[in-house]
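Asker: Dropping the sequence and predicted coords here.
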Amino acid sequence: MAGLAVAAALTAAAVPASAQSEAPLPAASSSADSSDRHYLSPLEVSSAFYGSYNGDLAAGFDRYISKDLLLHGFNGPEDRESWLAGDLNIKAGLTGFKMTILDQIVEGNKVVTRWSFTGVHTGTVFGIPASGRQVTLSGISIDRVVQGQSVEHWSEGNFGRFLDELRGETPPESVTPSAN
């Protein structure tokens, strides 16, 4: 699973839950010249993409993630298809799946997103059978956005802890990320 990554920035913008739904497609002008098109801002693209985790994730990938994506995932370089397949596997195995954007920071065409998702482990995830436990994966992602799509993505997160939770090996003193 590749999925979700860190950088610093100048302008901070927290996105409220109401803004985490899918945004409309950029409006194309009547001219064939792509320089005349009006694209969503990098923050709008990133917010809409992560919001798509709570809806149609495959459509979110099609709309906001370039087919030529350069991906730096949890396990090193991966491709767009393996990232989507891994995240769809997680979504399918977690009842009540919910992605939350905790923070977003923008600098130029890069957006740093601190995110978290939770759900109850009721299906097989990465070969680990259902445990019935509430599980959480959190991380920080950086997306470089060009012409309304992420063309490069970095991810870092607590994937090891997430796998431990799936297996029922999480220590009771574990901390859940907050929006503060």
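Answerer: Done, it's in.

Asker: Ser46 falls within a strand, correct?
Answerer: No - under DSSP: H, G, I helix; E, B strand; the rest coil, Ser46 falls outside any strand and is assigned helix.

Asker: wait, what's in contact with it?
Answerer: 64, 104, 111, 113, 143, 145, 150 (Cβ atoms under 8 Å, 6 or more residues apart in numbering). (C-beta placed from N, C-alpha, C; glycine too.)

Asker: Now, these that are in strands?
Answerer: Applying DSSP state E to the contacts of Ser46, the entries found in strands are 104, 111, 113, 143, 145, 150.

Asker: of all those residues, which comes closest to Asn158?
Answerer: Set against Asn158, the nearest of the ones in strands among the contacts of Ser46 by Cβ to Cβ is Thr113 (15.1 Å).

Asker: Check the spacing between that closest one and Ala130 real quick.
Answerer: 29 Å (Cβ to Cβ, to the nearest Å).

Asker: Settle it for me: which of those two has more neighbours?
Answerer: The neighbour comparison of Thr113 against Ala130 (other Cβ atoms under 10 Å) goes to Thr113, with 25 against 15.

Asker: Any idea what that one is bridged to?
Answerer: With DSSP bridges as the criterion, Thr113 is bridged to Gln104, Ser141.

Asker: contacting residues for it?
Answerer: Thr113 neighbours (Cβ under 8 Å, 6+ apart): 4, 46, 50, 101, 103-104, 140-143.

Asker: quick one: contacts for the closest residue to Met99 other than its chain neighbours?
Answerer: What sits nearest to Met99 in space, not counting adjacent residues and going by Cβ to Cβ, 6 or more residues apart in numbering, is Tyr53, at 3.6 Å. Shown in contact with Tyr53 (Cβ under 8 Å, 6+ apart): 60, 87, 91, 97, 99, 117.
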